[in-house]
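**Student:** sequence first, then the predicted structure, then my questions.
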Amino acid sequence: MPERRRDLLGVRVDDWTMPELVEVLDYAIVNRIPVHVWGISIPMLSLVRKFPEIVDFSQQFDIVVPDGAGMHFFARFFGQRIRAHVGLPYVAHEMIELAARKGYKLLLLGATPEVNAEAGRRLLAQYPALNLCPGIDGYYRPEAEADVAQRVRDMKPDIVLVGMSLPKKELFLLRWKDFMQVPVGVACGGYLDVLAGKTSLAPKIVERLALSWLWRFVQEPKRLFSNILVSQLLFLFYIFPVAMISRIRAPDRSIHVYDLFHVARCARCK
C-alpha cells in the first residue's frame with residue numbers, strides 16, 4: 001500500500017486517484033466499514049484563522065481529498081506530489097453513480113428542505129432505479145442533532161452525502177459516525193445545490209486554471225464573499241508568500257498554518 005498522506009502547513013491531504021477511491025469506498029459498503037471523506041481547499045487554509053479546528057478535521061477524517069486544483073500547485077512548491085484532483089463534488093457524483101449501478105441506498109442530508117427535495121427529484125429523474133432515502137434538510141436546531149443522527153441510523157443508508165456549512169457538517173459526521181453505522185459519508189458541502197440546479201460546477205477549463213473558487217463566488221457573491229473571495233486573496237497575498245519565504249530561509253524547518261495566524265490548537269471537535 002503506497003503512502004498517501006501529504007502534509008501542507010500541518011494540514012493533511014491524501015493522494016488518491018478516483019478509481020482507487022471508488023474501489024475503496026465500494027469495499028467499505030460491501031463490508032460495512034465506516035469510511036468518511038472530507039476535502040481541503042485553498043480557501044480553507046485561510047479559514048483556519050476563524051475555524052482552527054480545520055487542522056483537526058484533516059487528521060480525524062478517514063480520507064482527505066484535495067478539493068480544488070489549487071492544492072496541486074501548492075503541493076508542488078513544497079516538493080509533494082498529488083496525482084489527481086479528486087474534489088468532493090466529483091467524489092459525491094461517483095457515489096451517486098455507484099449507488100445507481102449497484103443498488104446501494106443513498107441519503108441526501110443538508111441544504112434547505114426545498115433544495116433537498118429538488119435535488120432528490122432530479123436524481124430520481126436521471127436515475128429512476130436509484131434507491132434514494134427520504135431526504136433530511138440541514139436546518140435543524142442544535143438540540144435536534146441526536147434525532148437527526150437517529151433518523152439516519154434508522155434508514156440504514158449505504159451512502160450519505162452531507163451538504164451543510166463548515167464546521168457543522170464536519171462535526172456532525174465525526175460525532176455520529178460510529179452511531180449512524182453508515183459505510184460511506186461524504187462531506188460534500190454545496191453539492192446538493194448543484195444537484196438541485198441552484199448552482200453549477202465550474203467548466204473544466206476554469207477548473208484546470210484553479211479558478212473554481214471564482215466560479216462559485218460569481219454565482220453566490222453575497223453568501224461567499226468572506227469564505228471564498230477574502231480567503232483566496234488572503235492565501236495569495238499572505239499565506240503563500242510567507243510560506244515560501246520561510247521555506248527559502250529555513251528549508252529544514254517546518255511551518256504550520258497555526259503559526260501564520262497565531263492561533264492555538266482548537267479542541268472544539270474533540
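**Tutor:** That came in fine, so what should we check first?
**Student:** whichever strand or helix holds residue 186 pairs with which strands?
**Tutor:** Using DSSP states H and E, residue 186 sits within strand 184-187. For strand 184-187, the paired strands and their directions (DSSP bridges) read strand 35-40 (parallel), strand 159-163 (parallel).
**Student:** mind listing the strands in the stretch 101-250 of the chain by residue range?
**Tutor:** Secondary structure of the stretch 101-250 of the chain by DSSP state E, counting those that start in this stretch: the strands cover 105-110, 131-132, 159-163, 184-187.
**Student:** average pLDDT across the shortest one?
**Tutor:** In this case it means strand 131-132. Average pLDDT, strand 131-132: 98.
**Student:** which elements pack onto it?
**Tutor:** Packing partners of strand 131-132 (3 or more CB pairs under 8 Å, 6 or more residues apart in numbering; DSSP states H and E): strand 105-110, helix 113-126. (C-beta placed from N, C-alpha, C; glycine too.)
**Student:** give me the contact list for that strand.
**Tutor:** Strand 131-132 is contacted by residues 99, 103-108, 120, 123-124 when judged by CB atoms under 8 Å, 6 or more residues apart in numbering.
**Student:** going by neighbour count, which of those residues comes out on top?
**Tutor:** Using other CB atoms under 10 Å as the neighbour criterion, residue 108 leads those with 31 neighbours.
**Student:** contacts only, for residue 149.
**Tutor:** Residue 149 makes contact with 172, 175-176, 179-180, according to CB under 8 Å, 6+ apart.
**Student:** mind giving me the PyMOL command for buried ones among the residues you listed?
**Tutor:** Buried subset of the contacts of residue 149, written as a PyMOL selection, criterion 16 or more other CB atoms under 10 Å:
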select buried, resi 172+176+180
